[in-house]
Structures are given as structure tokens and as C-alpha cells.
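> sharing a sequence plus its predicted fold:
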Amino acid sequence: MNAARIAERAAAPSALADIPASAPGAASGWRLVVTAVPAHARAVRDLDGLWLAPGARAALPDGALVLAVDVHDAPRRWSITALHATPGGLEEAGRWERRSPLGAREITALRTLLAGDAADHTMRVLAEPNRAPADCTACGRALPVGRGLAHRTPAGHVTTCRPCPVPPFGVNPDAGRCARCSGWVTAADGQITPAPEAPGRYRPVHRACPETPLPGPPVRAATWCVECRTTVPAGTGYWDRGPHHAPGHCALPADGLPRWSVRVPAHEVTDWAPGQVRRTRHTPAAGEPSLDEGLPGGRILADTGYMSVLAHVLDTRTTGRSTLALVRAATWMEAAPLLAAELDQALATRPDGGTFLARAVVERIYGDTGWVAEITGHDPRHGLAREFLRPQTDYDEADACGHRGVLDAWTLRPRRVYEVSRPLGPPAKNWRAVRSRLGRSARVTAEHRSFVRVTAEGDIVEITEEEVQAWLAAALEWMS
């Protein structure tokens, strides 16, 4: 029989079974989980299966076939029992008494009793008879050899009486939910105990369950609750798809104004101090209602609920390389100065009556190209929606390798705003190695990006992102 088939294999069995111990007076015996009865099988050595020790406790798949054989002397005879694994334990499926080992009749019967998926059956040995005298870990009773069960646990073999359950033992190496109260147990703060719903598996358990256990791992630093959007002090709340207050500690703000968090651009950290009023964008999460369009500065940007609104900064915190700000919708009194400033900027940046087209030309540098995109609106993922334009390429002044002199040109119209990307030389010193490793399209030069528009005289001038936002705020008036 293949040694690899004899060894225990990883699986997820469901039925807990006590393997029959050796019969009284038996000279020898063996137990086998039968996984296949080959067509040429004539004896025990021809069966495929997984060996078990008599008296062991194991988890088996429902419907697994267990063969128990005991050999008696004076007179010489073989007691053969076939058992099926069920959720309630092992049930007898056949019994034979022979004066010789397993024969053709029993082989045929086993083939009939074998489940259709027996070849995939696996087992998990939970405990075996103790091979040395020991005391029961649960009740302290002295156990002679073979009278107890040596359980396989993460802390080693733990010996108990057969009726006694395995008590909690050892420090839990991993965090998880308590098997008793379902609260969170931090790693090394509790013990481990057998999981009742999964034989052979273990779960952490509190040494003493608290009155109000946390349903998830505790938050390590002060943050904001995803339910009430107020501060959760470090160590008092828990994490479950976001930070939460401890059960029963959420308190909705008295002002009744919606709150949310936004990621602060790195170059604007100083402008997001608490108390400031800023224009922010908000995208409702799955199952979260959209903000009211009537809030100060509210402007719907997409049908998905993505909108722009004026917000009052309540708090900021830095996580890694990014800064987050907790904000709430601004009141009309708080928003009035910023609304007036936005109106002045919209008037100052409104398009003129120019009708001249302009030509934007970008030179390729060592194969790196530029691009021009028209800003057409807002996008929940990228901030601005862009429509990339197709260039006209001129190779007249290109060198032999195409590293210089290749020009891409785009026609820009007035009363529009664009974003332009240009490669900046010189290329990296190891640009050939970069292209060899990452492919011919890998960028080897720096990139300069800017927003532009066409003046009344047909000149291309750079503008700021704030001006772009001002133009988009009145897009229906000028994009015609």
C-alpha cells in the first residue's frame, strides 16, 4: 500500500467518530478508512485507504467507510466489521466472522458499501490512545496506557479521559473571536480551545470574558467612527470594515449636518486646518445615501451621487504618506465668503469672444510622447473627465533614430480648457536598460503637465486648476 496514502492528508471532514478499540481477547487488529477497492483486489494489501489506530478519535467525511478487523487466537479467527461515518458517529454496515483473512465475499461487499466520492475522502486524527501513563488534564484522574486520549493540539499532546472535553490550554498565538462570547481576543491575551463547529480546529478564548467585549480588533490610534463620524479614542473602539465606537457608545452629532472624510492633496495640507471651509467632492459609499443638493455650494457632478459641496474642516490626521480630513457640510454663514470668492473667480475667468484656433506642438524625446486632453467635466475616480485628442505627427525634422525631431501637433479651440503633457529631457542615464527590462513603451524622461486655454488672440496660456474648476462650474454657459 502506498505510504503517501497511509499518511494523514489535509481536508475538511465533518463527522466526529470514535474508532472502535481492539476487541477483548484480540491478539491484534487494525482499522482502515477505505478509499478504493481496486478491481483486482483479493486481500487487505490490495485495498487503498488511510490507516487509523484502534481507539483513536478522528474527523471523517460523512459517508466514509471504516473497516475494523480483529484477529483472535485459540481458535484462530478474524472478526471483520464495516462501519459508515454519520454526523452522529459510526454506524455498523456489515459484520463477518471468518477463519481466514479478508476474502472475495467481503471484498465484493465493501465495493458495494463504498461511496461514490470515496477516492476524495480524507481524515483528520484528533486523538489517539495514550502510549504512556498520564494524568487527565481536565479531571486529574490517573490514566494507564491506552485508557485515555492524547489529543493533538497546537501546544502538543494533551491527555484526557475519553468522556472529558479538552479544556482551554496554552496562550493563543493568533488573534480572533472568542469561542464563548464572540468578542475579540488579542494575540497572546487569551487561550486556545477546540472549536465545536470544526473538529480538529482551535479558536481563541478569553481567560475571563468581559461584560461588553469588542466585536473586532481594537483600534490602535485615534480615528473617526464610520457610523457617527465622531472621534474614537485609541484603544476604545474596534475595527470591522472601518473603525467603530464600542457597542452602545455611538452618539450622532447635535448639529445634524452630514459628515464624511476626504483625502487631502499633499500640496494643500496647510490649507486644511480645522475651522477652514473648503470645496470638497463626495462620492456615497455602497448603501450610503447621497448628500442633499441644496447644501451650501452643492453641485451634482455625476448621476452616481458624486457631487461637489462646501465643507467645514473638523479634524485632520496623517496615516502613512497621506492626510485625511474629517469634514461636515458648511452652514450658509460659513460658506458665504467662499461662495463670493468663487463668483468673483468665475467672472474673472469667463471665456472671451475669441474665435482663433491655436496649435499645440510637443516634441517626442527618446520615444516618450506627450498628449493633449480636453477637460469635459468631473469624474468620481480621476477628479476630472478627459477626452484625449488624436495628434498629427511630423517626421520631417526627425533624426535617424527618432530620438529627436518627431513633432506631435493638436488643434485647440477657444472657449475650451485642456490638459497638456510634455516629456522633459534628458532621459535617464540607463534608459536603454529600462526599456530592455520593462518594454519599448516604458517612460525614460520626466513629465510636465499643465492646464491651458486659448486666448482671444489665439495664444495658448497656462491656467490653474482653480480656474479650470471655475470654468466647469459655468460649463453650460460657455461650452457651446
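Yes, it's here. Numbering: from 1, shown residues only.
> which SSE is the closest residue to residue 273 other than its chain neighbours in?
Once flanking residues are discounted, residue 273 sits nearest to residue 313: 6.8 Å by C-beta to C-beta, 6 or more residues apart in numbering. Placement of C-beta: from N, CA and C, glycine included. Residue 313 belongs to strand 307-319 when assigned by DSSP states H and E.
> note down every partner strand of that strand and its orientation.
Strands that pair with strand 307-319, judged by DSSP bridges, come out as strand 277-282 (antiparallel), strand 299-300 (antiparallel), strand 322-329 (antiparallel).
> sorry, back to before: now do the same contact list for the residue nearest to residue 273.
272, 273, 274, 275, 276, 277, 278, 325, 326, 327 (C-beta atoms under 8 Å, 6 or more residues apart in numbering).
> ok so, going back, chain center to the strand holding residue 313, what's the gap?
Taking C-alpha atoms, centre = their mean, to the nearest Å, one finds strand 307-319 lying 27 Å from the centre of the chain it belongs to.
> mind checking the pLDDT average for it?
The average pLDDT within strand 307-319 is 89.
> and stretch 201-209, by the same measure?
The average pLDDT for stretch 201-209 rounds to 89.
> try stretch 401-409
87.
> kindly check the end-to-end length of stretch 140-149 for me.
13 Å (C-alpha to C-alpha, to the nearest Å).
> contacts for it?
55, 57, 127-136, 159-162.
> in helices only, show me those residues.
Among the contacts of stretch 140-149, no member is found in helices (DSSP state H).
> where do the strands of the stretch 51-200 of the chain begin and end?
Along the stretch 51-200 of the chain, the stretches classed as strands by DSSP state E, counting those that start in this stretch are 57-60, 65-72, 77-86, 89-98, 124-129, 134-135, 142-143, 148-153, 156-161, 169-171, 176-177, 184-185, 191-194.
> nope, the stretch 251-400 of the chain is what I was after
For the stretch 251-400 of the chain, the strands defined by DSSP E, counting those that start in this stretch cover 259-264, 277-282, 299-300, 307-319, 322-329, 358-363, 371-379, 383-388, 392-394.
> rank those strands by mean pLDDT and give me the bottom one.
Note on the strands of the stretch 251-400 of the chain: strand 299-300 shows the lowest mean pLDDT, a mean of 84.
> contact partners of that one?
Strand 299-300 is touched from outside by 293, 306, 307, 308, 309, 473, with contacts defined as C-beta under 8 Å, 6+ apart.
> what's the neighbour count on residue 118?
Using other C-beta atoms under 10 Å, residue 118 has 19 other residues around it.
> the residue nearest to it when sequence neighbours are not counted: what secondary structure?
When the adjacent residues along the chain are set aside, residue 118 lies closest to residue 35, with 5.1 Å between them (C-beta to C-beta, 6+ apart). When classified by DSSP: H, G, I helix; E, B strand; the rest coil, residue 35 comes out as strand.
> from residue 115, how far off is residue 35?
Noted for residue 35: a distance of 10 Å to residue 115, by C-beta to C-beta, to the nearest Å.
> who touches both of those two?
With C-beta under 8 Å, 6+ apart as the test, residue 35 and residue 115 both reach residue 121.
> check the gap between residue 263 and residue 231 for me.
For residue 263, the distance to residue 231 - C-beta to C-beta - is 18 Å.
> give me the more crowded residue out of those two.
residue 231 (18 against 11).
> so that one touches residue 223, yeah?
Yes - with contacts counted by C-beta atoms under 8 Å, residue 231 reaches residue 223, the gap being 7.5 Å.
> show me the shaky parts of the stretch 351-480 of the chain.
For the stretch 351-480 of the chain, applying pLDDT under 70 flags the ranges 351-354, 474-480.
> select the longest helix from this protein.
Every helix in the chain considered (DSSP H), the longest is helix 332-348.
> show residues contacting that one.
Helix 332-348 is contacted from outside by 277-279, 296-297, 310, 312, 330, 466-467, 470, 473-474, using C-beta under 8 Å, 6+ apart.
> got it, and stretch 393-410?
359-367, 369-370, 372, 389, 391-392.
> more neighbours: which of residue 35 and residue 115?
residue 35 (22 against 17).
> hmm, back to that, how about the strands of the stretch 51-200 of the chain in TSV, adding mean neighbour count and distance to residue 418?
Converted to TSV, the strands of the stretch 51-200 of the chain look like this (neighbours: other C-beta atoms under 10 Å; distance: least, C-beta to C-beta, whole Å):
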stretch	mean neighbour count	distance to residue 418
strand 57-60	25	67
strand 65-72	21	75
strand 77-86	19	72
strand 89-98	13	76
strand 124-129	21	65
strand 134-135	16	82
strand 142-143	15	84
strand 148-153	21	68
strand 156-161	18	70
strand 169-171	15	63
strand 176-177	18	54
strand 184-185	24	53
strand 191-194	21	63
